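**Q** From the sequence below, what's the structure:
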Amino acid sequence: MLEEKVATGRRKTSVASVRLRPGSGKVDVNNRPFDSYFPLAIQRDAILAPFKAVGGHQRYDMIVRVNGGGVEGQAMAIRLGISRALVQEREDLHHDFKVHGYLTRDPRKKERKKYGLAGARKRFQFSKR
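**A** Here you go, the predicted model:
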């Protein structure tokens, strides 16, 4: 059975450290309850999606530390961390998670601002005269 698995997930500038241990389904994100940290149900469903393949998160307690980025990036970083922790426990889940995209680290980052431009690609207003 699972003693305690620790995994890291990343998305944009968000980094999440996920600890899974046997328990009753308690989820703690940055010392706050799961429902108060992620008030939108769609974000909570996206985070707990890997557990639907396993059969529910009621068997595990989760302690999550996440920082950087926005709420959506943090949610996807946590999902990746949960998926990696579950695969550490049960290697047979790897194929199913890979097919659903739970183990794919989204490599997209914000493009840097270029000199002489207003942003990464946006230009200053052109004046003919």
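**Q** Kindly provide the distance from the residue nearest to residue 66 when sequence neighbours are not counted to residue 83.
**A** In this structure, residue 66 finds its nearest non-sequential neighbour in residue 16, 4.1 Å apart by C-beta to C-beta, 6 or more residues apart in numbering. Yep, even glycine has a C-beta here, placed from its N, CA and C like the rest. Residue 16 is 11 Å from residue 83, where distance means C-beta to C-beta, to the nearest Å.
**Q** Can you check which residues contact both of these two?
**A** Between them, residue 16 and residue 83 have residue 9 as joint contacts when contacts are counted by C-beta atoms under 8 Å, 6 or more residues apart in numbering.
**Q** next one: stretch 50-65 to chain centre, how far?
**A** Counting by C-alpha atoms, centre = their mean, to the nearest Å, stretch 50-65 is centred 13 Å from the centre of its parent chain.
**Q** Please put the alpha-carbon coordinates of it into PDB.
**A** Taking C-alpha atoms only, stretch 50-65 is exported to PDB below (Å, rounded to 0.1, in the frame of the first residue of the first chain):
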ATOM      1  CA  PRO A  50      -6.800  11.700 -11.900                       C
ATOM      2  CA  PHE A  51      -8.600  10.200  -8.900                       C
ATOM      3  CA  LYS A  52     -11.600   9.400 -11.100                       C
ATOM      4  CA  ALA A  53      -9.500   6.800 -12.900                       C
ATOM      5  CA  VAL A  54      -8.400   5.300  -9.500                       C
ATOM      6  CA  GLY A  55     -11.800   5.300  -7.900                       C
ATOM      7  CA  GLY A  56     -12.100   8.400  -5.700                       C
ATOM      8  CA  HIS A  57      -9.800  10.400  -3.500                       C
ATOM      9  CA  GLN A  58     -11.500   9.200  -0.300                       C
ATOM     10  CA  ARG A  59      -8.600   6.800   0.300                       C
ATOM     11  CA  TYR A  60      -5.900   9.500   0.400                       C
ATOM     12  CA  ASP A  61      -5.100  12.600   2.400                       C
ATOM     13  CA  MET A  62      -3.300  15.300   0.400                       C
ATOM     14  CA  ILE A  63      -1.000  18.000   1.600                       C
ATOM     15  CA  VAL A  64      -0.200  20.500  -1.200                       C
ATOM     16  CA  ARG A  65       2.200  23.300  -1.200                       C
END
